[in-house]
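Asks: Here is a sequence with its predicted model. Questions after.
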Amino acid sequence: MRWALVKVALAVTVMVVVAFAVPLGLVIKEMARDRAFSNAERQAATIGPTLSITTDREELERAVASTQAGAYGRMAVHVPADGGPGALPLEIGTRRAAEKDLRTVRRIGRASITEVADGFALLQPTALSQARIAVVEIFVPDDEVSNGVTTAWLVLAGVGLALVVGSVAVADRLGLRMVEPARRLAYAAHALGEGKLGARVPEEGPPELRSAAVAFNSMADQVVQLLANERELAADLSHRLRTPLTVLRLNAASLGEGPAADQTRAAVAQLEREVDTIIRTAREAKPQTVAAGAAGGCDVSEVVRERMDFWSALAEDEGRTARVAGIGGPVRIPVVRAELAAALDALLGNVFRHTPEGTEFAVDVHNGEDAVIVLVSDAGPGIADPRAALARGNSGGKDGSTGLGLDIVRRVAESTGGDVRIGRSVLGGTEVRIWIGLDGWRAPDAPRGHRLGRRKRAAQGRRTAEV
């Protein structure tokens with residue numbers, strides 16, 4: 001918009017300057033010409049009284065020499081013969097005009113301008129008698145005809161250029177006054193879209209942009225209010241779970257000793273921790289995100305060992321064989337510990353929920369320089385429609401599941417620039433691949449792993465049927 005306004009101002013100003021400067025330049029040229037020939041006419045008129053008194057050569061030469069034009073050799077006087085026997089025409093000064101031009105002036109009886117070498121000649125007739133007409137010739141050089149024209153044209157060009165530059169500068173300031181508020185509005189919209197809820201726009205500029213800024217700020221305030229209401233609602237709903245959880249914890253305490261009782265009490269304790277986390281997160285001014293824990297991140301190996309220890313008791317009861325690989329050393333990722341644990345619990349819970357007892361499962365961790373891959377695979381019947389399983393809220397109609405487990409996993413991966421894919425595992429069942437992007441992130445105390453090259457990625461692609 002800014003440059004468009006500058007271009008329009010430039011075009012309009014150039015048109016105006018050309019429309020006025022060109023005719024004015026031609027007028028100045030014509031005025032210089034008229035001034036030169038008017039001066040020549042005055043010079044020619046000074047010799048008229050002398051011609052009316054005498055035609056003596058000496059007298060005429062003295063009269064011509066006394067004039068300004070005669071002193072510079074620019075005046076000539078042509079007197080015809082008086083008609084007596086042996087009379088000759090009289091010529092004073094240097095003649096530049098052609099003889100035919102002199103005859104024409106005597107015939108028409110009025111002044112005439114003719115072009116000669118290096119300039120022009122003004123021919124002024126003067127009557128000596130009824131039959132005799134003398135002609136006074138005044139030479140006007142070319143530089144005198146155009147005297148001052150070049151300077152005037154340069155002044156006009158300078159004025160025109162100054163007008164063009166001034167109009168462009170004014171248009172640029174006006175365009176900046178219009179563009180800057182629009183640019184700030186665009187930046188604020190992008191910032192709000194990126195989750196910066198404090199982004200606001202100064203309500204200034206043209207009336208239309210001020211109105212847009214007012215509307216944007218009002219919309220941003222409403223978004224903040226809606227998010228606050230949503231957090232309060234989530235906190236209230238989570239808080240209502242405290243009562244049934246307390247009852248559940250008391251009942252679990254009365255189960256006595258044994259693996260099943262210990263597992264039940266551990267599950268209740270974890271559920272209480274998750275509810276507390278939801279309440280704290282909802283009460284915070286800014287919701288907890290994966291980026292909030294990206295600075296420290298967590299150790300994938302440690303989280304996998306912890307969750308596998310938790311699920312191993314149930315796996316032993318159901319006769320399942322569990323295998324873990326790739327957790328020999330620390331593997332740091334930009335994901336908070338609680339969210340990675342929730343994602344692993346969702347995937348391992350699906351294995352126990354949707355595969356028969358005795359089904360083998362495995363968790364593999366692949367550490368690369370640009371990404372970390374977590375594979376959760378089983379030897380069960382597999383997933384008939386992997387694309388539908390990744391859709392939020394789609395449980396596939398089994399066991400009354402909410403279908404949000406895979407959505408939790410997907411959000412964890414996508415928050416780091418990665419993704420989640422479902423395919424066929426080497427065990428014969430389902431394989432869920434969590435690709436966690438590092439994007440140059442690495443904890444200071446973490447060892448550098450190898451880069452996942454194209455060959456290894458291609459091999460993993462052959463292991464996993466892409467959705």
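Replies: Okay, I see it. Predicted model, so just to flag it, every value in this text is computed and none were measured.
Asks: low pLDDT regions in this structure?
Replies: Within the chain, the segments meeting pLDDT under 70 span 1-6, 83-87, 130, 176, 232-243, 245-247, 250, 278-296, 391-405, 440-467.
Asks: Spatially central residue in it, please.
Replies: For the chain, Arg183 is the residue whose C-alpha lies nearest the centre (Cα atoms, centre = their mean; 9.1 Å).
Asks: Is that one located within a strand, as I assumed?
Replies: No - if the criterion is DSSP: H, G, I helix; E, B strand; the rest coil, then Arg183 is helix and not within a strand.
Asks: how near is it to Arg210?
Replies: Distance of Arg183 to Arg210, computed by Cβ to Cβ, to the nearest Å: 15 Å. C-betas here are computed from N, CA, C, even on glycine.
Asks: same check, this time on Met75
Replies: Here Met75 is placed at a distance of 77 Å from Arg210 (Cβ to Cβ).
Asks: Kindly report the same for Val17.
Replies: Here Val17 is placed at a distance of 35 Å from Arg210 (Cβ to Cβ).
Asks: neighbour-wise, which of these two wins?
Replies: Neighbours around Val17 and Arg210, counted as other Cβ atoms under 10 Å, are more numerous at Val17. The numbers are 19 against 15.
Asks: which residues of the stretch 201-350 of the chain fall in helices?
Replies: 207-240, 242-253, 259-283, 300-317, 337-354 (DSSP state H, counting those that start in this stretch).
Asks: a markdown table please, covering these and showing distance to Ile108.
Replies: Shown next, in a markdown table, are these (distance: least, Cβ to Cβ, whole Å):
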| stretch | distance to Ile108 |
| --- | --- |
| helix 207-240 | 72 |
| helix 242-253 | 123 |
| helix 259-283 | 110 |
| helix 300-317 | 114 |
| helix 337-354 | 110 |
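Asks: Out of those, which one sits most buried?
Replies: For the helices of the stretch 201-350 of the chain, the largest average neighbour count (mean count of other Cβ atoms under 10 Å) is found in helix 337-354, namely a mean of 20.
Asks: Count the residues that sit near Ala134.
Replies: As a burial measure, Ala134 scores 24 neighbours (other Cβ under 10 Å).
Asks: Quick check: it vs Glu58, distance?
Replies: Applying Cβ to Cβ, the value for Ala134 to Glu58 is 16 Å.
Asks: Same question for Met31.
Replies: 40 Å.
Asks: which one of these two has more residues nearby?
Replies: Between Met31 and Glu58, Met31 has the larger neighbour count (other Cβ under 10 Å), namely 13 against 9.
Asks: so is the more buried one in a helix, a strand, or just coil?
Replies: For Met31, the secondary structure call by three-state DSSP comes out as helix.
Asks: ok, so what distance separates the residue lying closest to Asp142 once chain neighbours are set aside from Ala388?
Replies: In space, not counting the residues next to it along the chain, Asp142 is nearest to Gly119; the distance is 4.9 Å by Cβ to Cβ, 6 or more residues apart in numbering. Look at Gly119 and Ala388: by Cβ to Cβ, they are 99 Å apart.
Asks: which of those two has more neighbours?
Replies: Gly119 (16 against 12).
Asks: From what I see, that one and Asn147 are in contact.
Replies: No - because the distance of 11.9 Å does not satisfy Cβ atoms under 8 Å, Gly119 is recorded as not touching Asn147.
Asks: May I have the phi/psi pair for Pro356?
Replies: Dihedral pair for Pro356: phi -70, psi 160, per degrees, to the nearest 10.
Asks: can you pull the contacts of it?
Replies: Contact criterion Cβ atoms under 8 Å, 6 or more residues apart in numbering gives Gly380 as the residues in contact with Pro356.
Asks: quick one: it from Asp317, how far?
Replies: With distances taken as Cβ to Cβ, Pro356 is found 14 Å from Asp317.
Asks: just so I know, which of the helices of the stretch 201-350 of the chain lies nearest Ala81?
Replies: Among the helices of the stretch 201-350 of the chain, helix 207-240 comes nearest to Ala81, with 89.8 Å by Cβ to Cβ.
Asks: helices or strands next to the closest one in the packing?
Replies: Identification of packing neighbours for helix 207-240 by 3 or more Cβ pairs under 8 Å, 6 or more residues apart in numbering; DSSP states H and E yields helix 149-193, helix 259-283.
Asks: how far off helix 300-317 does the shortest one point, in degrees?
Replies: Compare the direction of helix 259-283 with that of helix 300-317 by axes from the mean of the first three to the mean of the last three Cα atoms, to 10 degrees and you get 140 degrees.
Asks: show me where the stretch 351-467 of the chain has strands.
Replies: Ranges of strands in the stretch 351-467 of the chain, per DSSP state E, counting those that start in this stretch, are 361-367, 371-378, 419-424, 430-437.
Asks: Kindly reformat these as TSV containing mean neighbour count.
Replies: Below are the strands of the stretch 351-467 of the chain laid out as TSV (neighbours: other Cβ atoms under 10 Å):
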stretch	mean neighbour count
strand 361-367	21
strand 371-378	24
strand 419-424	19
strand 430-437	24
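Asks: Of all these, which one is nearest Val64?
Replies: With Cβ to Cβ as the criterion, Val64 lies closest to strand 430-437 of the strands of the stretch 351-467 of the chain, at 103.6 Å.
Asks: neighbouring strands for that closest one, and are they parallel or not?
Replies: Strand 430-437 pairs in its sheet with strand 371-378 (antiparallel), strand 419-424 (antiparallel), by DSSP bridges.
Asks: quick one: contacts for Ala261?
Replies: 252, 255.
Asks: how far away is it from Ala252?
Replies: 7 Å.
Asks: what do those two both touch?
Replies: Residues touching both Ala261 and Ala252 (Cβ under 8 Å, 6+ apart): there are none.
Asks: and the nearest residue to Glu137 once chain neighbours are set aside, helix, strand or coil?
Replies: What sits nearest to Glu137 in space, not counting adjacent residues and going by Cβ to Cβ, 6+ apart, is Ala76, at 4.1 Å. What three-state DSSP gives for Ala76 is strand.
Asks: Can you report how many residues lie near Ala76?
Replies: By the criterion of other Cβ under 10 Å, Ala76 has 22 neighbours.
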